[in-house]
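Enquirer: I would like the atomic coordinates for the input below:
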Amino acid sequence: MVAALHRHRPRRPSIDSLHPLTSPRRGKRPVTCVPELPTGNQILSHPKIPQFFSDERIEQEIVDKADPWSFGSCKLAQHDEGTYRQGPAEGFCRLQTSPTTAVFYVFPRTHSTVPTMSRPRVDMDKRQGGIAILSFANPPVNALSSTLQKEISTALKSVLADSSVRAVVVHGAGSPGFFSSGADVSQFAGFASGQEVFSAEGSWFYSGAEESPIPVVAAVDGVCFGGALEFALCCSARVASEKSSFSLPELKLGIIPGLGGTQRLPRLVGFEKAIPMMLNSSVLPAHAACDAGLHGGRKGLKEEARVFLKLVTSPESQGTVHMFFGSRQTSKVKLQNDPCANEKGRVPKKVSIIGGGLMGAGIATAILSANIPVVIKELNEKFAASARKRVERNLGIKGASKMQMLSVTTEYDDLRDVDIVIEAALENPSLKQEIFAALESTCRPDCILATNTSTINLDLIGMGAPIAHKEGRIIGVHFFAPAHRLPLLEVVRTESTSAKTIKDVLALGKKIKKTPVVVGNCAGFAVNRLYFPQSMVAGFLLIELGLDPYKVDRVCEAFGLPMGPFRLSDLVGLDISVAVGSVFSAAFADRTVETNPVIAEMLGAGRKGQKSGVGFYRYSSESRKAVPDPDGIAPFLERARAKVHSGPEAEKLRAVVADLSDSDIVNMIHLSCVNEGYRILEEGVAMSSVDLDVCSVMGMAFPAFRGGLMYWAEKTFGGAVGVLQELERFLKMSNGFPLFKPSQSLIRSAARNKAVGEIVRPPLSTGEHGDVVIVSAFRTAVGRAGRGGFKDTLPDNLMIPVLKRVLEDTDVNVEEVGDLVAGNVLQRGDTGVVQLRVAGLLSGLPTTVPVRTVNRLCSSGLQAIADGAAAIQAGYQKIVIAGGMESMSMASMQNKELRPNPQVRTLKEASSCYFQMGETSENVAEKFGVSREKQDKIAVSSHAKASVAKLAGRQKSEIVPVKTRVTVIDRETKKATARLAKLPAVFRKGGSTTPGNSSQLSDGAALVMLMKRSEAEARGLEPLARLRSYAVTGVDPAIMGIGPAAAIPLALEKAGITTDDVDLFEINEAFGSQAEYCIEKLGLNRDIVNVNGGAIAIGHPLGMTGARLTVSIIHELHRRQGRFGVVSMCIGSGMGAAAVYEINKPQLSSRL
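Expert: Next up, the predicted model:
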């Protein structure tokens, strides 16, 4: 039988008030179920089975009723209705007997401690009266692993062989709140490889308990799920505490109960309760458990075992098991810079929500449901009343009592005592900054300030509360609507978010029964970024390939998705889809496509999707059912397709459609997302591919039985190699659709035959003693010439703070510096040398340290570093400080003193040396077909990357503050604009080079310190990087921008590596045309080119640039755990230069 426990009145009835009810069992003496007991009591009903627990509350009552008499170490009290038994460790039970009935009322121990065991084990305690107590333990959840099963079987056999044992009680120990969670699911993988995971010998205790000649009782205190419940069903009886619960959740793992659950449970609890427990994995609480005693044969058990083994090895079961474990590990994160790594997060005692709209009310509902008080802040009383009604409606009748914990206010002052504030206002950066400013000035200094934004950069929001941001108290908590129902919670960390803040938010997430996933701060975070390719690929299928949108949706639904991409667009709203798409088009311009023209036209016609009653589908006012509307969308499709379905390329695409299978459609849509998943993992936005699987299932309804997006790709294509091959097939098939171009991370993973989502880090060498290395690298910010923060700052005053910082960082005696070499271009005559000499002396260098300027135009800073390394390698110097400086504010770009040589008329290449740089950009664009659109795209991408890096403070460690009229920390980026196409060409009428896709005139300085590795080791300095090679070469002056395409291969050859070995490229973006050409010519993967923005966004101080690229790439290589980095630039009058840097240690020096 299953013991039944119920809720009771707070008063304690007398023992005499209990009334047993009997029911027959298997033709033996009836057993007893007691429907009403005092709170905290347990039932054990079976002939001849005592159970011993203690409850001090009834001790006096027993003593008062009868005189005790001794029996061994126990005291027994005789009563007219039965016998009470007391023992110091055993407690009391009341035994009522008759010829046909045996009833035990058991009073549980109020305190019980069982030592935690580090390995599965079973203990046996034989007590007086012939009672054997078997205690099994396998912390933390008492999972029935194969090892534990064998030990239980061995122990039970031993006990049953002992003729002095009259009854056996089995209970779980060592894991409070768990009898057992069931079988050890982590061992299920063995079934697929043909292993005998759970042997017949090991699982003997199931049949052993059922066929035992003496009673075997399962004493359940807590969770009793799966295989544990199936064992309990085999026992003669079950005793359960009030907090116990029972379930057969196997179907959630894609299997069925395999140890008799499908047969025995219906016999005991009836089909009405058994079917939901098995099909819905519903949980039956102890008080709802009831008694039943049906008989049955073994045929059903054999069939059950056969079906179980079939299902447990199926892909669906394996995928579901993967999700089962994945969803439980997302909150178990190891955080960097956590001074209290062993401390758990603190669940907030009180939470505030800013905004009581649909999302805010949903968040409040979820938190109130966890019994945490909530304060909603609204703009006015009208909105406040609406917010209250929304929460009340969400909670419903069952949760009405939770409303007592809700307060709604219009004043920030009422938030002074909250532990965390969650802002859920409109998606407007200025509004959110204003809210955060008010919160910072009002809330406690330890209050966490969180935002529920789904699109806005957290660092941008954090500008409204700079103190809280610096202290690490700003974080993102991205709920998914409806927030009180959907389980996923993205916990978004910034570069400055503290470990304590993350752990506290994780604790809140678990408390409100969410599945929290820690992700990084970027456009779309993890879920939306992972899936932004889906709609763009769907648009490609619709327009370029001309597929029927309803077929695409049907194919996706057959795959297991709740709806296809076009139905999803209708549900979200076509206007929202366009808005979200624009965010990703700006953030990832190098691989995104324009908004689907069909959607743009449909919006113009008022077709917004479900909310307007018509989109790709039609919807009636009475029903949300989507009805295809092919005639309605046909005109929009015809106009959009007419623009692309012409010419030979269109013929190729039409040929593709004929061979396109349903699986191709599914794979095109999802592998583009897998490809983006690799980038997310490479950048550290997500911590593991399992996190992305959880995000895909819980955030985007990817079918759970497929195990999540990345897991599906692994199982379907056999690893990274298969995914790469399929994407390359799609890339060729689609004539180069950008979202099919494999990411650099995927390519590297495939090259090493890794599993999908396994990120490869390059192996590092130790280097050699004779290597020339950089031991310190710093720079200033870059300011706009003529109007930036450095416009009135002398070049020497830009150099001084950087030089001082390098000397402080290394603690090198200034007398030991052999030379100071700096690139400098525009200062005429002796100006540059004088300014560099002044900078050296004012920085503390003695008069004995010489200085030298280098001028190779745009590569001057890099040339200075190469010259310093050469001097060290030749033995001329031991220590050289090298870099570059430029103030384009204080020196004219035009050299009026330069007089053209008349003889150049006879030589085209010579005359081209006098071209303006912008003119050479136009030449590159014209000669190599670099369109205006491509130039503008690279500009948008440059600005987007630089903006994110700046907001996150990613390059803060390499930048030295400069005191001018104000302190300039970072003035590097100008605002990227979506209207670049409207800017006029500057250098040629009808041209394509504009101020928007060209580098800006700028000011700045950068330096590194060079020495041999042996010298660094002798001084105890950790080398930051090795200068592996340097190359410079000439090209046609008329197209000087192609210089990097010529110089980089030379530098790679000298270094003995290829482009596949390089982790990062920094190619100076003098102009969008030449940068685009070089990237395409060399076949570089854009994922690793100018990752923090280039010169179009940051600027191009001529003498500084080579040194700035060097400083930045060294720091970024350390941050990304890379090995090789290449810097390169084109050079006026027709040259190109490049250098290869190598990292020989995996972690960034603490000095940086």
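
Enquirer: can you list the weak-confidence ranges in the stretch 1-150 of the chain?
Expert: Within the stretch 1-150 of the chain, the set of residues satisfying pLDDT under 70 comprises 1-118.

Enquirer: try it again with 80
Expert: Counting by pLDDT under 80, the stretch 1-150 of the chain shows low-confidence ranges at 1-119.

Enquirer: give me the number of residues near residue 279?
Expert: As a burial measure, residue 279 scores 11 neighbours (other Cβ atoms under 10 Å). All C-beta spots, glycine's among them, are computed from the backbone N, C-alpha and C.

Enquirer: how close does it get to residue 250?
Expert: Counting by Cβ to Cβ, to the nearest Å, the gap from residue 279 to residue 250 is 10 Å.

Enquirer: helices of the stretch 851-1000 of the chain, residue ranges please.
Expert: 860-873, 908-912, 917-928, 932-952 (DSSP state H, counting those that start in this stretch).

Enquirer: list the contacts of the first one.
Expert: Defining contact as Cβ atoms under 8 Å, 6 or more residues apart in numbering, one finds that helix 860-873 is touched by 772, 818-819, 821-825, 854, 856, 877-884, 1006, 1008, 1010-1012, 1027, 1030, 1032, 1102-1110, 1127, 1129, 1137, 1139.

Enquirer: now, of these, which are buried?
Expert: 772, 818-819, 821-825, 854, 856, 877, 879-884, 1006, 1008, 1010-1012, 1027, 1030, 1032, 1102-1110, 1127, 1129, 1137, 1139 (16 or more other Cβ atoms under 10 Å).

Enquirer: average pLDDT for stretch 882-892?
Expert: If you average the pLDDT over stretch 882-892, you get 93.

Enquirer: starting at the chain centroid, how far to it?
Expert: Stretch 882-892 sits 42 Å away from the centroid of its parent chain (Cα atoms, centre = their mean, to the nearest Å).

Enquirer: likewise for stretch 995-1014?
Expert: Using Cα atoms, centre = their mean, the offset of stretch 995-1014 from its chain centre is 34 Å.

Enquirer: and stretch 541-554, by the same measure?
Expert: Taking mean C-alpha positions (Cα atoms, centre = their mean), stretch 541-554 and its chain are 31 Å apart.

Enquirer: for stretch 358-366, same thing?
Expert: With Cα atoms, centre = their mean, you get 23 Å for stretch 358-366.

Enquirer: so which bits of it are buried?
Expert: Of the residues in stretch 358-366, 359-366 count as buried by neighbour count, 16+ other Cβ under 10 Å.

Enquirer: repeat that for stretch 896-911.
Expert: Neighbour count says stretch 896-911 has residue 911 buried, by 16+ other Cβ under 10 Å.

Enquirer: over to stretch 665-685?
Expert: Buried, per 16+ other Cβ under 10 Å, within stretch 665-685: 665-683, 685.

Enquirer: one more: stretch 1055-1069?
Expert: 1055, 1057, 1059, 1061-1069.

Enquirer: could you do stretch 750-762 as well?
Expert: 750, 754, 756-760, 762.

Enquirer: ok, stretch 623-640 next?
Expert: 626, 628-629, 632-633, 636-637, 640.

Enquirer: same deal with stretch 733-749?
Expert: 733-734, 737-749.

Enquirer: so what touches that stretch?
Expert: 533, 536-537, 540, 544, 590-593, 649, 652-653, 656, 668, 671-672, 675-676, 678-679, 681-682, 720, 723-724, 727-728, 730-731, 750, 756, 758-760, 1060, 1085, 1087-1088.

Enquirer: and if we set it to 7 Å?
Expert: 533, 536-537, 540, 591, 593, 649, 652-653, 656, 672, 675, 678-679, 681-682, 720, 723-724, 727-728, 730-731, 758-760, 1085, 1087-1088 (Cβ atoms under 7 Å, 6 or more residues apart in numbering).

Enquirer: if we can go back for a sec, restricted to strands, list the contacts of helix 860-873.
Expert: 772, 819, 821-823, 854, 880-884, 1006, 1008, 1010-1012, 1027, 1030, 1032, 1127, 1129, 1137, 1139 (DSSP state E).

Enquirer: who are the packing partners of the helix or strand containing residue 353?
Expert: Here residue 353 sits within strand 351-354, counting by DSSP states H and E. Other elements packing on strand 351-354 under the criterion 3 or more Cβ pairs under 7 Å, 6 or more residues apart in numbering; DSSP states H and E are helix 358-368, strand 374-377, strand 420-423.

Enquirer: gap between the longest one and the chain center?
Expert: Between the centre of helix 358-368 and the centre of its chain there are 23 Å (Cα atoms, centre = their mean).

Enquirer: equivalent analysis for the second one, please.
Expert: When distances are taken as Cα atoms, centre = their mean, strand 374-377 is centred 29 Å away from the chain's centroid.

Enquirer: following it, which helix or strand comes up?
Expert: helix 381-395.

Enquirer: could I get that following helix in PDB with only the CA atoms?
Expert: Extracted in PDB, the C-alpha atoms of helix 381-395 (Å, rounded to 0.1, in the frame of the first residue of the first chain):
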ATOM      1  CA  GLU A 381      -1.600  56.300  -9.800                       C
ATOM      2  CA  LYS A 382      -3.400  55.200 -13.000                       C
ATOM      3  CA  PHE A 383      -0.500  53.100 -14.100                       C
ATOM      4  CA  ALA A 384       0.000  51.800 -10.600                       C
ATOM      5  CA  ALA A 385      -3.600  50.600 -10.400                       C
ATOM      6  CA  SER A 386      -3.200  48.800 -13.800                       C
ATOM      7  CA  ALA A 387       0.000  47.200 -12.600                       C
ATOM      8  CA  ARG A 388      -1.700  45.800  -9.500                       C
ATOM      9  CA  LYS A 389      -4.600  44.400 -11.600                       C
ATOM     10  CA  ARG A 390      -2.200  42.700 -13.900                       C
ATOM     11  CA  VAL A 391      -0.400  41.000 -11.100                       C
ATOM     12  CA  GLU A 392      -3.600  40.000  -9.400                       C
ATOM     13  CA  ARG A 393      -4.800  38.500 -12.700                       C
ATOM     14  CA  ASN A 394      -1.600  36.600 -13.200                       C
ATOM     15  CA  LEU A 395      -1.700  35.100  -9.600                       C
END
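
Enquirer: which residues does that helix contact?
Expert: 356, 358, 360-362, 364-365, 368, 376, 378, 402-403, 406, 408, 410, 484.

Enquirer: ok, 6 Å please
Expert: With Cβ atoms under 6 Å, 6 or more residues apart in numbering as the test, helix 381-395 has contacts from 356, 361, 364-365, 376, 378, 402-403, 406, 408, 410, 484.

Enquirer: what's the following helix or strand after that helix?
Expert: By DSSP H and E, the next helix or strand past helix 381-395 is strand 406-409.

Enquirer: which neighbouring elements make contact with that next one?
Expert: Contacts defined by 3 or more Cβ pairs under 6 Å, 6 or more residues apart in numbering; DSSP states H and E place strand 406-409 against strand 374-377, helix 381-395.

Enquirer: okay, buried residues for the longest one please.
Expert: For helix 381-395, a neighbour-count test (16+ other Cβ under 10 Å) marks 383-384, 387-388, 390-392, 394-395 as buried.

Enquirer: least confident secondary structure element in the chain?
Expert: strand 68-71 (a mean of 27; mean pLDDT, DSSP states H and E).

Enquirer: no further queries at this time; thank you.
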